[in-house]
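Trainee: Sharing a model that was predicted from the sequence below.
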Amino acid sequence: MLFSFSKARPLFGLDIGSSAIKVVQLRETRRGYHLEKFGIKPLAPEMIVDGTVMDAGRVVDTLKELLAEQKIKLKDAAISISGHSVIVKKINLPAMTEEELEESIKWEAEQYIPFDINDVNIDFHILGTAEGQDRQPQMSVLLIAAKKDKLNEYTSVVAEAGLTPLVVDVDAFTIENMYGVNYDIQENEAVALVNIGASVMNINILKGGMSAFTRDISIGGNRYTEMIQKELNLGYSDAEKAKMTENPEAVNPEALSAVINAVHAEVAGEVARSIDYFKTTSMQENIDKVVLCGGAANMKGMAAFLGERLGVAVELANPFSRIEIDKKAFDPEQLREVAPQAAVGVGLAIRKLGDR
């Protein structure tokens, strides 16, 4: 969706998150997609903090190790970014051709972007045209802007690992791509895609398979760890284990459950506010379902808690559900366990240069 840098060549999906790097390589076939490569490698917590690369050298080394482990030979990657350095807005403009919009988008965008216009890269996607209130033709445009310094952080890491970042997308749109490949799209169905990463949660509400609302919120899996450390007086590694272990040792289970549920409530509150805002601005009466993905989607009790809070069906995403899997090369059970973490990577791996 966002920025492309060169001519079309085979790409693989490279998802550099705050807590792990994920790689996904797909091959398009007549029947759909076939999974060729998939791997995850964790990052130490101090390497990328709240989406900012703090130790580029170690991130590059980890990425090189992952590429070697997965035997990825492709050099061209699709990557993505999210958070406060990325602005996505739906705007209405007088109808014009794409070429005319290409020339004027910088000036049109200036009033919507809270950064210096010279500090951002801008892209757009024309959603459609309609008659405005003054009966003049209007066009609905999705405007995307990303701060150049954030882009440079990630593209530099990728380049130092010997790769070429041919495409830079936005996390919220990658999960939309993943959903479109793996799920049936109903014409009037409203679906909230919620991607909960380590430091950022992306919400993308689709209406009839098209993005109608996006929002990035600075809360994620790290919030659970921080609160467990604070409330239960644990070190980082013990808090991480307590967060993910079914019956952690030397931790009061009731106290742990109370902390986790408190953070569940924070996350659910942010999702509920986003959905309420979408309903108010779009005249949409309800959301048909919520699809959860990201590393924190597997937090114990998260889906049930969110479903109860929102009063809507909540399911975990399976980005491999309609992708052909060689059971000799991949353990299906293991893939199911980590599937929610692969959503962004799969969405990137199906990207082609030049598509929008």
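Mentor: Right, received. Where do you want to start?
Trainee: how about the helices in the chain?
Mentor: Residue ranges of the helices in the chain, as given by DSSP state H, are 56-69, 98-109, 148-160, 171-182, 221-232, 236-244, 253-282, 302-310, 332-338, 343-349.
Trainee: can you list those in JSON lines and add mean pLDDT and mean neighbour count?
Mentor: The C-beta positions use only the backbone N, C-alpha and C, and glycine is treated the same way. JSON lines is the format used below for those (pLDDT from 0 to 100; neighbours: other C-beta atoms under 10 Å):
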{"stretch": "helix 56-69", "mean pLDDT": "98", "mean neighbour count": "17"}
{"stretch": "helix 98-109", "mean pLDDT": "90", "mean neighbour count": "13"}
{"stretch": "helix 148-160", "mean pLDDT": "96", "mean neighbour count": "18"}
{"stretch": "helix 171-182", "mean pLDDT": "96", "mean neighbour count": "24"}
{"stretch": "helix 221-232", "mean pLDDT": "95", "mean neighbour count": "19"}
{"stretch": "helix 236-244", "mean pLDDT": "89", "mean neighbour count": "18"}
{"stretch": "helix 253-282", "mean pLDDT": "94", "mean neighbour count": "16"}
{"stretch": "helix 302-310", "mean pLDDT": "95", "mean neighbour count": "17"}
{"stretch": "helix 332-338", "mean pLDDT": "91", "mean neighbour count": "12"}
{"stretch": "helix 343-349", "mean pLDDT": "98", "mean neighbour count": "31"}
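Trainee: What's the local residue count around Lys71?
Mentor: Lys71 sits with 10 neighbouring residues when counted by other C-beta atoms under 10 Å.
Trainee: Distance of it relative to Glu36?
Mentor: Lys71 sits 10 Å away from Glu36 when distances are taken as C-beta to C-beta, to the nearest Å.
Trainee: follow-up on the earlier one: distance to Asn202 for the helices of the chain - can I get that in TSV?
Mentor: Written out in TSV, the entries for those read as follows (distance: least, C-beta to C-beta, whole Å):
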stretch	distance to Asn202
helix 56-69	21
helix 98-109	21
helix 148-160	15
helix 171-182	4
helix 221-232	13
helix 236-244	21
helix 253-282	10
helix 302-310	15
helix 332-338	18
helix 343-349	9
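Trainee: Between those, which one is closest to Gln25.
Mentor: Ranking the helices of the chain by their distance to Gln25 (criterion: C-beta to C-beta) puts helix 343-349 first, at 6.2 Å.
Trainee: Against which helices or strands is that closest one packed?
Mentor: Applying 3 or more C-beta pairs under 8 Å, 6 or more residues apart in numbering; DSSP states H and E, one finds that helix 343-349 contacts strand 12-16, strand 20-29, strand 76-81, strand 164-170, helix 171-182.
Trainee: so of the ones you listed, which one's packed in deepest?
Mentor: strand 12-16 (a mean of 27; mean count of other C-beta atoms under 10 Å).
Trainee: per-residue confidence at Ile16?
Mentor: Per-residue confidence (pLDDT) for Ile16: 97.
Trainee: looking at it, it is touching Ile79, isn't it?
Mentor: Yes - taking C-beta atoms under 8 Å as the contact criterion, Ile16 and Ile79 are neighbours in contact, 6.4 Å apart.
Trainee: Quick check: neighbours shared by these two?
Mentor: By C-beta atoms under 8 Å, 6 or more residues apart in numbering, Ile16 and Ile79 have these common neighbours: Tyr154, Val158.
Trainee: Phi first, then psi, for Asp184.
Mentor: Taking degrees, to the nearest 10, you get phi -80, psi 130 for the backbone angles of Asp184.
Trainee: Touching stretch 137-147 from outside, list them.
Mentor: Contacts of stretch 137-147 with the rest of the structure, by C-beta under 8 Å, 6+ apart, involve 1-3, 81, 85-96, 101, 105, 108-109, 112-113, 115, 119-132, 168, 170, 211.
Trainee: rerun at 7 Å
Mentor: In this structure, residues lying in contact with stretch 137-147 by C-beta atoms under 7 Å, 6 or more residues apart in numbering are 1-2, 81, 85-96, 109, 112-113, 115, 119-132, 170.
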